[in-house]
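**Student:** Mind folding the following:
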Amino acid sequence: MVNLNELNEAQQCAVTCCDAPSLIIAGAGSGKTRVLTYKIAWMMEQGMPPERILALTFTNKAAREMKERIAKQVGEEGASRLWMGTFHSVFARILRYEHEAIGFTSNYTIYDQTDSRALVRTIIREMGLDEKVYKPNSVAARISAAKNRLVLPSQYLASPSTLNADRAAKVPATGEIYQRYFERCRLAEVMDFDDLLLYTWLLFRNKPEICQKYEEKFLYVLVDEYQDTNYAQDQIIWQLTQHRQRVAVVGDDAQSIYSFRGANINNILRFRERYQGARLFKLEQNYRSTQTIVAAASRLIAHNKGQIPKEVFSNKAVGEPIDLLRCYSDIDEAAIVMKRIKELHYKHNISYAEIAVLYRTNAQSRSFEEILRKNAVPYRIYGGLSFYQRKEIKDVIAYFRLAVNPHDEEALRRVINYPARGIGDTTFSKVCDEAKKTKKTLWDVLSNPDMLDLSSGAKGKLRDFHALIQEFCEASETTRADVLSRLIVDKSRIREEINKGREAEDIARQENLQELMDNIASFTVECIEQNQSASISHYLQEVSLLSDLDGDDILSEEEGVVTLMTIHAAKGLEFRAVFVVGMEEELFPSPMALETPMGLEEERRLCYVAMTRAEEFLTFTTSKSRFRYGKVEQMQPSRFLHEIGLFGSARREESPVRPQIQLRKPLSAPVTAGPRRLSSVTEITGTGVKHDAPTSVSVGDVIVHERFGRGRVIGTADTGMDAKATVEFENAGVKQLLLRFAKFKKAE
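**Tutor:** Predicted structure coming up:
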């Protein structure tokens, strides 16, 4: 039973409106998922069949969470019948049903990012292009961007502006690479993730009767995180809803931070222009953060022009003031943050797992990792190499893919000589040359090795590999995934290969393989219980979608670990205490963002996202200098600190609740004067502090070092060129300096 009394007034209105297109602007921490799940449950309670509701999400995690919540409202049976999942998983399902209409078989396989980039690299090499110029990752990104704009190879090659852009980037052959890549994928019965969108759009455009079928099938369409949709996703949503216009999109324009992935903020900003008569609902109450944090974040985002105005508020306590820790250098910054983390943990009883350090770029993690490790503070970098990207797993998965689709070129390339079976580069090159010459797949050539100019021994090895894969293919038609997977890892000798070593790395690989096998067994049991296909093909589809979309989506459940992550990775998460570090111009906002007004606005939204991850404690750090590009550079505080109100230029009257923002000295410093006193630091140039090293220092002198910050001399030794000083720095610890090289000044 859906109890609407559990929702606030704005949430109730958004849930119960089903007779008009709806734009639900869900501010940070405003209960977005709650509204989505209640809306679906309410529609089902009103009599709408669950199989006629389509709900699109960006991650499998979000889809699982919503389905679980809905099941608690309306029961497992009803929730299981919903068409709910990621864009890619739902469209892959539709394309499986309609494969004939797009010229594919139902057993097409899906390339993840690694596979697609590998094929691009192969084509670049075949064309004799310089990989240093035509970097596979960059070329693959250009192809991906074209597909997300729904641009086919023929259109790409016919577009003067696109070709001019490629020439300007010194990669004029990109269009031809795209065309070859597209043709090779078609020939191999393969789609990449962008193809799942592209072919769905083509299906609905070219087969209006099929589009009409799905329009009529889905009585209501819901879209989560609508601010993150790209052009292709938005066009498909329009194809499915343009006539009935029963659609609700949920998102927050203030949290649109993925333009580099193709996300288009205009989709949400112009929704009401496209859907005439659309209703706007604003979820403005933040249930996550204190009044201080919410008011400060609102003050920041108010500087953006491209937004849907809203007044986000919190009824929680006013809370702790926002801290600004002003540091001498990135070394000083890391040490200060480490001390503050320890204080939060020991004095405020905050678990390490409730603390996050957020930074603009991955490279910034190094100094924090080092200081946390040295001080025995447990931490984890969020978003490491995901399970399905580990080499041993990808090798096994490649065999599974060949069992389903032996024409899968990248899978075949990966394992044709792994484990080693005597098929060397020369032999394989002749297979590739023949395939290219005859326009056949590699598998077709392997089916008849007699056409190749090879020794009888080499031909025999190719026949053996072909027979092995053929055996797997035949077994896949009638064998469950768990049984087939055991057959494959044993007969391919992968298990034997992985089990050879006894080093720690070898043990880890063995554990990974066992985890994969256990997962397949669990998958098989669940499929049988749910009366679903337990084939390896079904398993591969689940794995392909999961590995690409959720690679950075699941936070470690390990307790007591400080989380270090980029701000982009933090979206959707929350912590009691958050440090936003590196708040300096040309770092945050980034130099590239400063090139355009839209870029700067996205950086501001990124800062807004960082701030609203915090529930109670929010701390910013800014450094006077950083070691960048091989030298010490002077840094200027980020303009965002001014806009928030942490410097004198903030316009406090813009905020409905004046946040209590104060500057705090770094905690537990051994010297009374904290690193806030930047006035004692002399001018800094690109190579460091302008330095006339004192000929001598005495015990008790206070100095300011360009990297270690402020400290007190606690000992001296030697004289002249060998003169040394032992200094206890406020945050960097005890250092011994050779005076003739040390870059410092005596404090005034």
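**Student:** all strands for the stretch 1-150 of the chain, in order.
**Tutor:** Applying DSSP state E, counting those that start in this stretch to the stretch 1-150 of the chain gives strands spanning 22-26, 53-57, 83-86, 109-111.
**Student:** Next, format these as CSV and append mean neighbour count and distance to residue 291.
**Tutor:** All C-beta atoms are positioned from the backbone trio N, CA, C, and that covers glycine. CSV is the format used below for those (neighbours: other Cβ atoms under 10 Å; distance: least, Cβ to Cβ, whole Å):
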stretch, mean neighbour count, distance to residue 291
strand 22-26, 26, 19
strand 53-57, 24, 31
strand 83-86, 22, 35
strand 109-111, 24, 47
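**Student:** Dump those to JSON lines, plus distance to residue 235 and mean pLDDT.
**Tutor:** Below are the strands of the stretch 1-150 of the chain laid out as JSON lines (distance: least, Cβ to Cβ, whole Å; pLDDT from 0 to 100):
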{"stretch": "strand 22-26", "distance to residue 235": "18", "mean pLDDT": "95"}
{"stretch": "strand 53-57", "distance to residue 235": "13", "mean pLDDT": "94"}
{"stretch": "strand 83-86", "distance to residue 235": "17", "mean pLDDT": "92"}
{"stretch": "strand 109-111", "distance to residue 235": "21", "mean pLDDT": "93"}
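**Student:** Touching, residue 40 and residue 55? I think so.
**Tutor:** Yes. Using Cβ atoms under 8 Å, residue 40 makes contact with residue 55 at a distance of 6.3 Å.
**Student:** Mutual contacts of the two, please.
**Tutor:** By the contact definition Cβ atoms under 8 Å, 6 or more residues apart in numbering, residue 40 and residue 55 are jointly contacted by 66, 82, 222.
**Student:** Just the strands from the stretch 351-500 of the chain, written as ranges.
**Tutor:** Ranges of strands in the stretch 351-500 of the chain, per DSSP E, counting those that start in this stretch, are 355-359, 379-381.
**Student:** Pull out the buried residues from the longest one.
**Tutor:** Using 16 or more other Cβ atoms under 10 Å as the test for burial, strand 355-359 gives 355, 356, 357, 358, 359.
**Student:** CA atoms only for that strand, dumped as CSV, please.
**Tutor:** Taking C-alpha atoms only, strand 355-359 is exported to CSV below (Å, rounded to 0.1, in the frame of the first residue of the first chain):
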residue,chain,number,x,y,z
ILE,A,355,35.1,10.8,5.5
ALA,A,356,35.9,11.6,1.9
VAL,A,357,38.6,13.6,0.3
LEU,A,358,37.5,15.0,-3.1
TYR,A,359,39.8,16.4,-5.8
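**Student:** Make CSV out of the buried residues of strand 355-359 and add pLDDT and distance to residue 218.
**Tutor:** Output for the buried residues of strand 355-359, formatted as CSV (pLDDT from 0 to 100; distance: Cβ to Cβ, whole Å):
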residue, pLDDT, distance to residue 218
355, 97, 43
356, 97, 38
357, 97, 43
358, 96, 38
359, 92, 41
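**Student:** Among the strands of the stretch 1-150 of the chain, single out whichever gets nearest to residue 622.
**Tutor:** Nearest to residue 622, of all the strands of the stretch 1-150 of the chain, is strand 22-26, at 30.8 Å by Cβ to Cβ.
**Student:** Not counting that closest one itself, show me its contacts.
**Tutor:** Taking Cβ under 8 Å, 6+ apart as the rule, strand 22-26 contacts 14, 32, 35, 247-253, 268, 271-272, 275, 278-283, 308, 310.
**Student:** and these, which are buried?
**Tutor:** Buried by 16+ other Cβ under 10 Å: 14, 32, 35, 247-253, 268, 271, 275, 278-279, 281-283, 308, 310, out of the contacts of strand 22-26.
**Student:** Filter the shared contacts of residue 40 and residue 55 down to the buried ones, ChimeraX style.
**Tutor:** Buried residues among these (16+ other Cβ under 10 Å), as a ChimeraX selection:
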select :66,82,222
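**Student:** Just the ones of the shared contacts of residue 40 and residue 55 in helices?
**Tutor:** Using DSSP state H, residue 66 are the members of these that sit in helices.
**Student:** Take the shared contacts of residue 40 and residue 55 and lay them out in a markdown table including distance to residue 388 and pLDDT.
**Tutor:** Below are these laid out as a markdown table (distance: Cβ to Cβ, whole Å; pLDDT from 0 to 100):
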| residue | distance to residue 388 | pLDDT |
| --- | --- | --- |
| 66 | 23 | 89 |
| 82 | 26 | 92 |
| 222 | 28 | 96 |
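**Student:** ok, residue 716 touching residue 697?
**Tutor:** Yes. The criterion here is Cβ under 8 Å, and residue 716 meets it with residue 697 at 6.6 Å.
**Student:** Looking at the two, which is more packed in?
**Tutor:** Using other Cβ atoms under 10 Å as the criterion, residue 716 and residue 697 rank with residue 697 on top: 21 against 17.
**Student:** which SS state does the more buried one fall under?
**Tutor:** coil (DSSP: H, G, I helix; E, B strand; the rest coil).
**Student:** need the contact list for it.
**Tutor:** 703, 713, 716, 725, 739, 746.
**Student:** which SS state does the fourth one fall under?
**Tutor:** Residue 725 falls in the strand class when you classify it by three-state DSSP.
**Student:** close enough to count as contact, it and residue 736?
**Tutor:** Yes. Taking contacts as Cβ under 8 Å, residue 725 lies within contact range of residue 736: 7.3 Å.
**Student:** the more surrounded of these two?
**Tutor:** A side-by-side neighbour count of residue 725 and residue 736, using other Cβ under 10 Å, places residue 725 first with 25 against 11.
**Student:** list the contacts for the more buried one?
**Tutor:** Taking Cβ under 8 Å, 6+ apart, we find residue 725 in contact with 697, 713, 715, 716, 717, 736, 737, 739, 742.
**Student:** Now residue 450: closest residue in space, sequence neighbours ignored.
**Tutor:** If the residues on either side of it in the chain are set aside, residue 450 comes closest to residue 459, at 6.7 Å by Cβ to Cβ, 6 or more residues apart in numbering.
**Student:** how many neighbours does the one you found have?
**Tutor:** Residue 459 sits with 16 neighbouring residues when counted by other Cβ under 10 Å.
**Student:** which residues does residue 93 contact?
**Tutor:** Contacts here follow Cβ under 8 Å, 6+ apart; on that basis residue 93 touches residue 85.
**Student:** now do residue 438
**Tutor:** 444, 445.
**Student:** Now do it, the pLDDT please.
**Tutor:** Here, the pLDDT recorded for residue 438 equals 92.
**Student:** tell me which helix or strand of the chain sits lowest on mean pLDDT?
**Tutor:** strand 684-685 (a mean of 30; mean pLDDT, DSSP states H and E).
**Student:** all helices for the stretch 201-350 of the chain, in order.
**Tutor:** Remark: helices assigned in the stretch 201-350 of the chain by DSSP state H, counting those that start in this stretch are 208-217, 231-241, 266-269, 271-274, 291-301, 330-346.
**Student:** winner for burial among these?
**Tutor:** Using mean count of other Cβ atoms under 10 Å, the stretch among these with the largest mean neighbour count is helix 291-301, at a mean of 26.
**Student:** so what secondary structure elements neighbour it?
**Tutor:** helix 597-611, strand 614-623, helix 639-644 (3 or more Cβ pairs under 8 Å, 6 or more residues apart in numbering; DSSP states H and E).
**Student:** So for residue 303, which of the ones you listed sits nearest?
**Tutor:** Checking the helices and strands packed on helix 291-301 against residue 303 by Cβ to Cβ gives helix 639-644 as the closest, at 5.2 Å.
**Student:** Residues contacting the closest one, please?
**Tutor:** By Cβ under 8 Å, 6+ apart, helix 639-644 touches 296, 299-300, 303, 322, 324, 583, 585, 588-589, 603-604, 607, 611, 620, 622, 647, 649-650, 661.
**Student:** let's see it at 6 Å
**Tutor:** For helix 639-644, contacts defined as Cβ atoms under 6 Å, 6 or more residues apart in numbering pick out 296, 299, 300, 303, 583, 607, 647, 649.
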